[in-house]
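Enquirer: Sequence first, then the predicted structure, then my questions.
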Amino acid sequence: MNAIAKPAVSAYQLLIRYSNLLQPLILLLLRLWLMDVFFRSGLTKIDDWDITLALFSDEYHVPLLPPAVAAAMATCGELGLSVLLALGLGGRFAAAGLFILNAVAVISYPALNEATRQFHYFWGAQLLTLLAFGSGALSLDAWLKRWLSARCEACGKVN
């Protein structure tokens, strides 16, 4: 390796090492950011249910579902799945559910302007990131995995 390449490779390896150390924190921040977006949306829906039902009847055209059912499912999904996502409990399941909810929102509301549509694409990309990488080490999923692993090892030692 020549004199120029060696420092570049060392710097790259250092960057990778620190990036790997930051990954759990970055995934936690991403989960909290998305929880805030979707949870607030769910709170807005329950704040005035009559307006929510009117919007799902007149504005949002969710395919295959009656407006009241679509409104209830969207609200429960935004509130419940966003909390699961923030806790990192069933993180991939929560990310997949919110991704589907986000996609249905884009499909069912043709009046979205381009800027608003870009927000939905951005959220979708973030949810796909969590779907691909999971909740990370700072999550209940990771804690449960460690706890179950320790329990299984303890059970193996007893038998």
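Expert: Looks like it came in fine. These numbers come from a predicted model, not from an experiment.

Enquirer: Roughly how far does residue 15 sit from residue 84?
Expert: The gap separating residue 15 from residue 84 is 32 Å, by Cβ to Cβ, to the nearest Å. Bear in mind the C-beta positions are built from the backbone N, C-alpha and C, glycine included.

Enquirer: Looking at these two, which is more packed in?
Expert: Set residue 15 next to residue 84 and count neighbours by other Cβ atoms under 10 Å: residue 84 wins out with 21 against 10.

Enquirer: Hmm, residue 90 and the more buried one touching each other?
Expert: Yes - Residue 84 lies in contact with residue 90 (Cβ atoms under 8 Å); the separation is 5.2 Å.

Enquirer: and the residue positioned nearest the centre of the chain, what element?
Expert: The centre of the chain sits closest to residue 95, judged by Cα atoms, centre = their mean, with a distance of 3.8 Å. Assigned by DSSP states H and E, residue 95 belongs to helix 91-108.

Enquirer: Give the other helices and strands that the helix or strand just after that helix contacts.
Expert: Using DSSP H and E, the helix or strand that follows helix 91-108 towards the C-terminus is helix 114-133. Judged by 3 or more Cβ pairs under 8 Å, 6 or more residues apart in numbering; DSSP states H and E, helix 114-133 is in contact with helix 5-47, helix 91-108.

Enquirer: In JSON lines, list those along with mean pLDDT and distance to residue 62.
Expert: Listed next are those as JSON lines, based on pLDDT from 0 to 100; distance: least, Cβ to Cβ, whole Å:
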{"stretch": "helix 5-47", "mean pLDDT": "92", "distance to residue 62": "13"}
{"stretch": "helix 91-108", "mean pLDDT": "97", "distance to residue 62": "5"}
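
Enquirer: Need the winner for burial among those.
Expert: Most buried of the helices and strands packed on helix 114-133 by mean neighbour count (mean count of other Cβ atoms under 10 Å) is helix 91-108; its value is a mean of 19.

Enquirer: Give me the angle between that one and helix 114-133.
Expert: 160 degrees (axes from the mean of the first three to the mean of the last three Cα atoms, to 10 degrees).

Enquirer: Just the angle for helix 91-108 relative to helix 5-47, thanks.
Expert: Going by the same axes, to 10 degrees, helix 91-108 makes 60 degrees with helix 5-47.
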